[in-house]
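S.K.: any chance you can model this:
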Amino acid sequence: MNKELDSEGDKRQIIGECSGDTFPLAKKRHSLEYLRIIAHLRPWTNTIAAVARVQSALAGAIHQFFQSNGFIYVQTPIITASDCEGAEEMFRVTSFNLDNVTALPMAKDGVQKTGGLDFTKDFFGKPAFLTVSGQLGAETHACALGDVYTFGPTFRAENSQTARHLAEFNMVEPEMAFADLEAGMDNAEAMLKTVVKVALEKCAEDLKFFSNFYDKGLIQRLEKLVDKPFARLPYRDAIKFLQEEIAKDPSKWQFPDVHFGTDLATEHERWLAETKFESAVFAYNYPRSIKAFYMRDNDEDGGETVNAMDLLVPGVGELVGGSQRVGELVCRSCIYSSMILILFLKKSFLFLFCINRKSA
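M.R.: Got it, this is the predicted structure:
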């Protein structure tokens, strides 16, 4: 008898019957869509249990990597008044009773109502939202403490039903003081190789399960990511390679119009990683017109491009984004998302269970 799985006793009492005809989790393979509607039971399935174990290993490895490299863990607020990304796609937090709209306090300009709500009477005395990023809090801490990182939940109210647009996810955001873009890419590569290696070692059985039922080439792809150095490619060269490839047969591409200033689509990113280089690849020095205002201009081209990079990974596309800040080596930020788990699973599956809790 296996003491870990079985039990012994002189007497057993049935507390409540569970009919096999009506129990929602039958001994068969259920669709992932069906498991979404029985959230209280789905951790009992092989798939969701394996996901939980891999997520746990990845989270622990991420913390261990940054802690062992001298970073300080900073917990930034989840509720904030700041729109860090500037996209205005935020979930609002309020104590107003929205079931009674007529009782909501209205803002006034003198004696006339302006049509907006009077948030001075709300819980925080101003509009409040769920955070889209801990970047601003991490930046202020980096100026005082040096290298720091955040790792917590972030929220985006972008109503898009794809695996790349998530309502809720955990995001790692390091801020490196006195570092340039090269150091940022070194850090990102070391981090990703480290956490994937840990998952390969600690979660071998779970990854074998994923390989058997979801992605036949999964383990080989992850081992290659760990063993092969990441390529590094200026954005201008990426555009050149793409133009040459697209010219062979534009009909194969959803977005065949590629030129300097194009914000690369997923199909472009995946071609570079999967076909051109057959490895993870850093694309860097992006045009200023498609990047954030706080990124440092490149002196060699008069500020036409900025010190920014994206890490493109086979099977995924962009996984990491980062830049050197305005100023001479003052602070550099890089964003790593818990979408690292997307490396291990099909994107449709990841959307359903691992990160996005939009309708769970």
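S.K.: my guess is Gly116 contacts Met106. True?
M.R.: Yes. With contact defined as CB atoms under 8 Å, Gly116 counts as touching Met106 (7.2 Å). Glycine gets a C-beta too; all of them are placed from N, C-alpha and C.
S.K.: where do the strands of this structure begin and end?
M.R.: Along the chain, counting by DSSP state E, strands occupy 72-73, 79-80, 92-93, 106-109, 112-117, 128-130, 148-155, 168-177, 231-234, 281-287, 305-313, 317-324, 331-337.
S.K.: nearest to Leu136, of those?
M.R.: Minimum separation from Leu136 across the strands of the chain (CB to CB) falls at strand 79-80, 8.3 Å.
S.K.: for that closest one, which outside residues touch it?
M.R.: Strand 79-80 has contacts (CB atoms under 8 Å, 6 or more residues apart in numbering) with 93, 124, 128-131.
S.K.: how about the contacts made by Ala26?
M.R.: By CB under 8 Å, 6+ apart, the neighbours of Ala26 are Gly20.
S.K.: got phi/psi on it?
M.R.: phi -80, psi 170 (degrees, to the nearest 10).
S.K.: quick one on the thing from earlier: need the winner for burial among the strands of the chain.
M.R.: strand 305-313 (a mean of 25; mean count of other CB atoms under 10 Å).
S.K.: got the domain ranges for this structure?
M.R.: 40-90+132-354, 92-121 (automatic domain parsing).
S.K.: might you list the low-confidence residue ranges for this protein?
M.R.: For the chain, applying pLDDT under 70 flags the ranges 1-7, 87-88, 110-115, 161-164, 327-360.
S.K.: just the helices in it please.
M.R.: For the chain, the helices defined by DSSP state H cover 32-35, 46-68, 135-145, 181-202, 204-213, 218-227, 235-248, 266-270, 347-349.
S.K.: skipping adjacent residues, who's closest to Cys84 in space?
M.R.: Spatially, and ignoring its direct neighbours in sequence, Cys84 is nearest to Ser133 (4.1 Å; CB to CB, 6 or more residues apart in numbering).
S.K.: isn't that neighbour right up against Glu173?
M.R.: Yes. Under the criterion of CB under 8 Å, Ser133 makes contact with Glu173 at 6.7 Å.
S.K.: hang on, the earlier thing: could I get the strands of the chain as a markdown table with distance to Leu58?
M.R.: What follows is the strands of the chain, written out as a markdown table (distance: least, CB to CB, whole Å):
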| stretch | distance to Leu58 |
| --- | --- |
| strand 72-73 | 16 |
| strand 79-80 | 26 |
| strand 92-93 | 29 |
| strand 106-109 | 45 |
| strand 112-117 | 41 |
| strand 128-130 | 23 |
| strand 148-155 | 11 |
| strand 168-177 | 10 |
| strand 231-234 | 24 |
| strand 281-287 | 21 |
| strand 305-313 | 14 |
| strand 317-324 | 13 |
| strand 331-337 | 11 |
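S.K.: for Arg53, which of these is the nearest?
M.R.: Of all those, strand 168-177 comes closest under CB to CB, at 16.1 Å.
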